[in-house]
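> one predicted model, sequence on top.
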Amino acid sequence: MAITRKPTKAQLRRQKMEELVMYPLDWLEERSGLVGGVRYFLFRNVPADINWMQTLGSAALTAFLVQAITGVILAMYYDPSAATDPATGKPVAWESIVNITDHLFMGWLVRGMHKWGASVFIILMFLHMGRVFLFGAYKYPRELNWIIGVLILVMGMMEGFTGYLLPWDQTAYWASVVGINLNGTAPFLGPWLAQFLRGGQEIGGETLTRFYSLHMLVIPGAIIALITLHLYLVIRLGVTSPPWSKDAAGREPVDEPSSARSGLTRPVPHAEPGGRQ
Amino acid sequence: MAAVPKEKPSRLDENRANFARYKEDVKKRGKPFYPYAMFHDTIMSLVVVCTIVGLAVIWKWSAFGPHHDPTHKGLLGPEVDPPADPGTTSFVPRPDWYFYFLFYLLRIFKWPESVFLGTVGVPTIALMLLIGLPFLDRRRERRISARPVAMVAAVLTIVSMGVLTWKGATAKEALASEVKADIPRWTSQENLPPAAHAGALLFATAGCTACHTYAGSGGSNLGAPDLTDIGSRNLGIQFQINHLKCPSCVNPGSPMPKFASLGDSRLHQLAVFLEASKGTH
């Protein structure tokens, strides 16, 4: 029989503390399974040979988060109205942008980050896509995630198109006039789409509020949903080793006959290290 | 029952076996996402945020000063452009840089024969190919040296997008002041009657030459046709006025903006000028 010793005061205090910390976590886990989910996310294994290029996806996510945060701040001060301010004779939307840039505390930084963050986001999405292509990481069973990624890229570019008009300046106005007209040249849906984007016969106040709504509610909502799916599939399917890795996860056993290989016109020496899985 | 000969496993069977081996391998020999991968991700994210802040700071401080003056551009362009004015059309429509490749595509295809290819055809096909990539390339092979077709296609795509973006970025813009200086040359080359001079001046300053070329002046953009000998088609003054007021009403699918804001008398002047343009001699 084990000797039961009375716990010391310090031990008791520690036990109590542990219970106190764990209680809300246990409560949450019992009701949602979220704690286990987060633990799985953090401590799941990834191939040991992953490389710096594989940070581009999370880098694009970071750029998106910067856009989301700065966008929320801008939305607090921006006024999507094409009406003319009677005091100055300038459009209200344009004035609110000038106000954010010149008079709001750190407004120039928030607006600058949002404007340039858009370019960074687009570049990172393209680089991430290039990495996935180079690694052949769009192949079985990750086809669906490639498609979701392409949709996020398209949505990102639509964010660029709708956001460009919001400062309501000359460049934006005329680029949007032509951009909407170009949408209108598409067969079947084109004229309808152009009409919907304009909100009338002419580009004006209706167009601005429509673009604003699309830019800060509809498209970002879709992007967030798509990113969530994208990440779910990344976690479920795992990330690939670089194809040139000598120690790629899931590489074929070296002593297996090469007849299992498919799709090549010439035989490949089977002893060659393969970056496939 | 006859003995079934042992068949080569199907591609799907191979894929499944491969993926199962990958999963097992990662479980056995991988390393945990936290802290290893997360460390790299965090560093990269910091670099991203610093880059964005850096760009914002450069934008602000290099354009510091009277930055509502559009001539004061700084390193990354002016902070604020002049406000939108539907009445002034003398502005070159220019999208954000990541649309330059589409923008420049419309210089290659011309209205009306092939502009459809530039606006819808090529982008749609490109997007379809991009979405369909995993189904076009179904081999299991991932090594770069064993995927020559994919690599050549990738290089061609990157080069063509890069060239189009670069061309779009450096495309010549028709400045009203430069185009205005060409009017005497137009008058002599096209034998323009005095009645067409007011229209020629409007044509040079109202933004027409942002997209249309005329007797060697102006920049070709967005698929807009050359107007050097538009008058030889004898479309008539009334057609020209109607077209300027609402291009897509007359030519369905035309991406040209409406110029109704110029007013009837000025539209008439423009129409006279266009009808008088019978080509250079």
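Now that the structure is in, tell me what you want to look at.

> kindly report the domain assignment for chain B.
As recorded under automatic domain parsing, the domains making up chain B are B:32-83, B:176-276.

> is chain B contacted by the helix or strand in which residue A:56 is found?
Using DSSP states H and E, residue A:56 sits within helix A:56-77. Yes. Helix A:56-77 reaches chain B (CB under 8 Å from any CB of the partner chain) through A:56, A:58, A:59, A:62, A:63, A:66. Any C-beta I mention is one placed from the backbone N, CA and C, and that applies to glycine too.

> how about the residues of the stretch 151-281 of chain B near chain A?
B:154, B:158, B:222, B:248, B:253, B:254, B:255, B:256, B:257, B:258.

> mind redoing it with 10 Å?
Contact residues, the stretch 151-281 of chain B versus chain A (CB under 10 Å from any CB of the partner chain): B:151, B:153-154, B:157-158, B:161, B:207, B:210-211, B:221-223, B:246-248, B:252-258, B:260-261.

> count the residues that sit near residue A:12.
The number of residues packed near residue A:12 is 11, by other CB atoms under 10 Å in any protein chain shown.

> so what's it up against?
residue A:6 (CB atoms under 10 Å, 6 or more residues apart in numbering or on different chains).

> quick one: pLDDT of residue 245?
I'll assume chain A. Per-residue pLDDT puts residue A:245 at 90.

> hmm, I had chain B in mind actually
Taking residue B:245 on its own, its pLDDT is 90.

> same check on residue B:255?
The per-residue confidence score, pLDDT, reads 81 for residue B:255.

> that one is in contact with residue B:106, isn't it?
Yes. Because the distance of 8.3 Å satisfies CB atoms under 10 Å, residue B:255 is recorded as touching residue B:106.

> what residues are shared contacts of those two?
A:178, A:182, B:115, B:119, B:211, B:222, B:223, B:224.

> okay, now the residue nearest to residue A:84 when sequence neighbours are not counted: neighbour count?
Nearest residue to residue A:84, sequence neighbours excluded (CB to CB, 6 or more residues apart in numbering or on different chains): residue A:91, at 6.0 Å. If you count neighbours by other CB under 10 Å, residue A:91 ends up with 24.

> surely residue A:91 and residue A:208 touch.
Yes. Using CB under 10 Å, residue A:91 makes contact with residue A:208 at a distance of 8.9 Å.

> and residue A:199, how many neighbours?
16.

> that one contacts residue A:193, doesn't it?
No. Assessed by CB under 10 Å, residue A:199 is found out of contact with residue A:193, at 12.0 Å.

> how much space between residue A:104 and residue A:111?
9 Å (CB to CB, to the nearest Å).

> what's the overlap in contacts for the two?
What both residue A:104 and residue A:111 touch, as defined by CB under 10 Å, 6+ apart, is the set A:73, A:74, A:77.

> sorry, back to before: give the residues shared as contacts by residue A:91 and residue A:208.
Common contacts of residue A:91 and residue A:208 (CB under 10 Å, 6+ apart): A:81, A:82, A:83, A:168, A:173, B:84.

> buried ones among the residues you listed?
A:81, A:82, A:168, A:173, B:84 (16 or more other CB atoms under 10 Å in any protein chain shown).

> the most centrally placed residue in chain B: what secondary structure?
For chain B, the residue nearest the mean C-alpha position is residue B:103 (1.6 Å; CA atoms, centre = their mean). Recorded secondary structure, residue B:103: helix (DSSP: H, G, I helix; E, B strand; the rest coil).

> got the contact list for it?
A:175, A:178-179, A:182, B:93-97, B:118, B:164-165, B:167-169, B:171, B:221-222.

> and if you look at residue B:254?
A:181, A:184, A:185, B:111, B:112, B:115, B:223, B:224, B:243, B:246, B:247, B:248.

> now the strands for chain A?
Ranges of strands within chain A are A:45-46, based on DSSP state E.

> select the longest helix from it.
Longest helix in chain A, counting residues (DSSP state H): helix A:107-134.

> related to what we said a few turns ago, between the shared contacts of residue A:91 and residue A:208, which sits nearest residue A:100?
residue A:168 (12.8 Å; CB to CB).

> what's the longest helix in chain B?
From DSSP H, the single longest helix across chain B is helix B:38-62.

> top of the shared contacts of residue A:104 and residue A:111 by neighbour count?
residue A:74 (22 neighbours).

> so it makes contact with residue A:111?
Yes. Assessed by CB under 10 Å, residue A:74 is found in contact with residue A:111 at 6.3 Å.
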